[in-house]
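Undergrad: no sequence for this one, just the structure:
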C-alpha cells in the first residue's frame, strides 16, 4: 500500500514512521526541508504533561495524553535517539500574591484526578529536597511525578533521519491540494492508495473552523540555574513554564494568544516571560538569550483534534498545544483504522467518518 502524506510536522512524521514500520510505501510532501522550517513543532517546548492539562483541557485530552506519553520511550528506542527525554515530573509553584490562583489550580487537579500519587503537595523541606533551588523561594509546590518532557528539535531530526533511512520519498514542494487517493504538489498530482493531510494551518481551506493560536518562547543559556524538573509558575494572566535542556539551556514560554499572526515575538511577551523567569530564579538574570520564536498552533473551537476519514483520505489536525503529547496515539489510531484492528488507546474517539 502506498501512502502520501502532506505535512512533515510532528504528526506527519510520526504517522509516516508508523506506516513504514507497518510495511507501507510512504511519500512525504512539505514545502520545508527535513532539517527545519516553519512547523509548529519547532517552537514547541516538548512537555508531555497529561496531568497538568487536566486543569484546563477536556478529559479526553488527559486520557489520550496518557497513551501518548507511554508510547514515547518505545518510539525513541526505534528512532535510536534519547530525544533528550526525561521522566522526572513537573512542579507547579506560585508567588505569595498569586496563592489564590495556585489553590484553585491545586483544588481542580485534586478533584479531577483519582489517586493522590498523581499530584502531591510538597511543603518546605520536601520541596527543597526535590528541587533545592526553589526551596528558599517557595514554601510549597504541587509535584506531578508522572510527567515528562523531550526536546522537539532532537526528535524532529531523528525522525527525518529514520524516515529517509527507511526509504521514504521526501519531496520538498508546496502542497496545493489533498484529496481521496492523491496529493497535489508543485502542480503535479501524485496518486496513492491513501492520502493523509497533516498540514496544520496549511489545511484551513479544506477544514472549516480551524484557527491559529499563537505561542511565543525564549531559549536561554543559564549556567547559574540547575533546575532538574519542568517548573510551571501560576499567574493570574498566564502560566509560565521553564523546561530544562542539555548544557544549561532552558526554554521559557507562556503565551497563548488568539491570533494567527506568525510575526516575531512582541516586546510585551518578551518582558513578561523574562521578568517571570527572573522572579522564579535569580540565576536567570545573567542568562544569555539564545533565540526567541513565535508560531501558531492549529486548533478547532473546542481545542480537540480531529481525525476525519473518507475512503482514500484522512485529515488529522487541530492538535493545539498538545502536539507531542497526542501525536503518537493519533498515529496509532490512524493505522488501526486502516488495518481494521483495535487501537490500544482511546484516540479512536477523535475519528469521524465523513461521507465521500
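TA: All right, it came through fine. Because the structure is a prediction, the values reported are computed rather than measured.
Undergrad: which helix of this structure spans the most residues?
TA: helix 59-78 (DSSP state H).
Undergrad: residues touching that helix, excluding its own?
TA: 14, 17, 21, 48-51, 53-54, 82-83, 85, 112, 146-148, 150, 155, 158, 162, 304, 322, 324-330, 332, 344-347, 349-350 (Cβ atoms under 8 Å, 6 or more residues apart in numbering). For glycine as for every other residue, the C-beta is placed from the backbone atoms N, C-alpha and C.
Undergrad: show me the shaky parts of the stretch 1-150 of the chain.
TA: Counting by pLDDT under 70, the stretch 1-150 of the chain contains low-confidence ranges at 115.
Undergrad: next, the closest residue to residue 116 other than its chain neighbours: phi, psi?
TA: Residue nearest to residue 116 in three dimensions, not counting chain neighbours: residue 110, with 8.0 Å by Cβ to Cβ, 6 or more residues apart in numbering. Main-chain dihedrals, residue 110, degrees, to the nearest 10: phi -60, psi -40.
Undergrad: so residue 16 touches residue 29, yeah?
TA: No: look at residue 16 against residue 29 with Cβ atoms under 8 Å: they stay out of range, at 10.6 Å.
Undergrad: need the residues touching each of those two.
TA: The overlap between the contact sets of residue 16 and residue 29 (Cβ under 8 Å, 6+ apart) consists of 5, 8.
Undergrad: could you pull out the buried residues of the longest helix of the chain?
TA: 61, 62, 64, 65, 66, 67, 68, 69, 71, 72, 75, 76 (16 or more other Cβ atoms under 10 Å).
Undergrad: residue 15 versus the last one, what's the distance?
TA: When distances are taken as Cβ to Cβ, to the nearest Å, residue 76 and residue 15 turn out to be 17 Å apart.
Undergrad: all strands for the stretch 151-300 of the chain, in order.
TA: Secondary structure of the stretch 151-300 of the chain (DSSP state E, counting those that start in this stretch): strands at 169-172, 175-179, 182-185, 188-191, 194-197, 211-221, 230-234, 239-244, 249-253, 288-299.
Undergrad: and of the ones you listed, who's closest to residue 312?
TA: Proximity to residue 312 (Cβ to Cβ) singles out strand 194-197 among those, at 5.8 Å.
Undergrad: what mean pLDDT does the closest one get?
TA: For strand 194-197, mean pLDDT is 98.
Undergrad: what is it packed up against?
TA: strand 2-6, strand 175-179, strand 313-317 (3 or more Cβ pairs under 8 Å, 6 or more residues apart in numbering; DSSP states H and E).
Undergrad: so residue 329 sits right up against residue 350, yeah?
TA: No: judged on Cβ under 8 Å, residue 329 makes no contact with residue 350 at a distance of 9.1 Å.
Undergrad: who has more neighbours out of these two?
TA: residue 329 (27 against 21; other Cβ atoms under 10 Å).
Undergrad: and that one, what element?
TA: Here residue 329 sits within helix 323-339, counting by DSSP states H and E.
Undergrad: what comes up buried for that helix?
TA: 323-338.
Undergrad: packing partners for that helix?
TA: helix 10-21, strand 47-48, helix 59-78, strand 306-310, strand 313-317.
Undergrad: identify the residue nearest the residue of the chain most remote from its centre in space, chain neighbours excluded?
TA: Taking Cα atoms, centre = their mean as the measure, the residue most remote from the mean C-alpha position of the chain is residue 125, 32.7 Å away. Excluding the flanking residues, the one nearest residue 125 by Cβ to Cβ, 6+ apart is residue 135, at 7.6 Å.
Undergrad: quickly note the distance from the one you found to residue 90.
TA: 16 Å.
Undergrad: show me which of these two is the more surrounded one.
TA: residue 90 (25 against 17).
Undergrad: least reliable of the strands of the stretch 151-300 of the chain going by mean pLDDT?
TA: strand 239-244 has the lowest average pLDDT among those, namely a mean of 91.
Undergrad: can you name every helix or strand that that strand contacts?
TA: Of the remaining helices and strands, those touching strand 239-244 by 3+ Cβ pairs under 8 Å, 6+ apart are strand 230-234, strand 249-253, helix 267-280.
Undergrad: quick one: distance of that strand to the chain centre.
TA: 14 Å (Cα atoms, centre = their mean, to the nearest Å).
Undergrad: direction included, what does it pair up with?
TA: strand 230-234 (antiparallel), strand 249-253 (antiparallel) (DSSP bridges).
Undergrad: and the angle from the last one to helix 267-280?
TA: Going by axes from the mean of the first three to the mean of the last three Cα atoms, to 10 degrees, strand 249-253 is angled at 120 degrees with respect to helix 267-280.
Undergrad: go on, the first one?
TA: Interaxial angle of strand 230-234 relative to helix 267-280 (the same axes, to 10 degrees): 110 degrees.
Undergrad: how far out from the middle of the chain is strand 230-234?
TA: With Cα atoms, centre = their mean, you get 17 Å for strand 230-234.
Undergrad: for stretch 109-127, same thing?
TA: Per Cα atoms, centre = their mean, the centroid offset for stretch 109-127 relative to its chain is 24 Å.
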